[in-house]
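J.: I'd like to go over a predicted model; first the sequence, then the structure.
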Amino acid sequence: MSVVKFNNQQWEKILSFLKTCPNIYIGQETECRQFLEAVFWITRSGSQWRLLPEKYGNWNSVYKRFNRWSQAGIFEKLFENFSSDRDLEYLLIDSTIVRAHACSSGAQKKKATSL
């Protein structure tokens, strides 16, 4: 799985947009950038949150922040704002590239056998 990294020009565009959103916590720029790279890793890999590589931080903290931003509609606003920007179009996530976990497609679940 390739790692999504923003170049500095892309990051400046994203950061300037995020600063216009008063209802979210951005914090330090490096931590915010790491958080967004973690979100992109999760969405592109289709992995569970608890399998997030440690280099992105504690999976539970990343998930909680993701959940707050989702409830505030930040990711929809990001998508709407940058969907026509050629510099950021490959970073955008939509349902055509997000992988679903096997159990979401009706795969058989393993059942415990009694001895």
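T.: Perfect, I can see it now.

J.: Just give the closest residue to Trp11, not the sequence neighbours.
T.: Spatial nearest neighbour of Trp11, excluding adjacent residues (C-beta to C-beta, 6 or more residues apart in numbering): Arg33 at 5.8 Å. For the C-beta atoms, the positions are set from N, CA and C on the backbone; glycine is no exception.

J.: residue contacts, the one you found?
T.: Neighbouring residues of Arg33 by C-beta atoms under 8 Å, 6 or more residues apart in numbering: 6, 11, 15.

J.: which secondary structure element contains it?
T.: Element membership for Arg33, per DSSP states H and E: helix 29-45.

J.: Output that helix as PDB, nothing but the C-alphas.
T.: C-alpha atoms of helix 29-45 as PDB (Å, rounded to 0.1, in the frame of the first residue of the first chain):
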ATOM      1  CA  GLU A  29       0.400  21.900  11.700                       C
ATOM      2  CA  THR A  30       2.600  18.800  11.700                       C
ATOM      3  CA  GLU A  31       0.200  16.800  13.800                       C
ATOM      4  CA  CYS A  32      -2.700  17.900  11.600                       C
ATOM      5  CA  ARG A  33      -0.900  16.900   8.500                       C
ATOM      6  CA  GLN A  34       0.000  13.500  10.000                       C
ATOM      7  CA  PHE A  35      -3.700  13.100  11.000                       C
ATOM      8  CA  LEU A  36      -4.900  13.700   7.500                       C
ATOM      9  CA  GLU A  37      -2.300  11.300   6.100                       C
ATOM     10  CA  ALA A  38      -3.600   8.700   8.500                       C
ATOM     11  CA  VAL A  39      -7.100   9.200   7.400                       C
ATOM     12  CA  PHE A  40      -6.100   8.800   3.700                       C
ATOM     13  CA  TRP A  41      -4.100   5.600   4.600                       C
ATOM     14  CA  ILE A  42      -7.200   4.100   6.300                       C
ATOM     15  CA  THR A  43      -9.600   5.000   3.400                       C
ATOM     16  CA  ARG A  44      -7.300   3.800   0.700                       C
ATOM     17  CA  SER A  45      -6.200   0.600   2.400                       C
END
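
J.: residues of it that come out buried?
T.: Residues of helix 29-45 classed as buried: 32-33, 35-45 (neighbour count, 16 or more other C-beta atoms under 10 Å).
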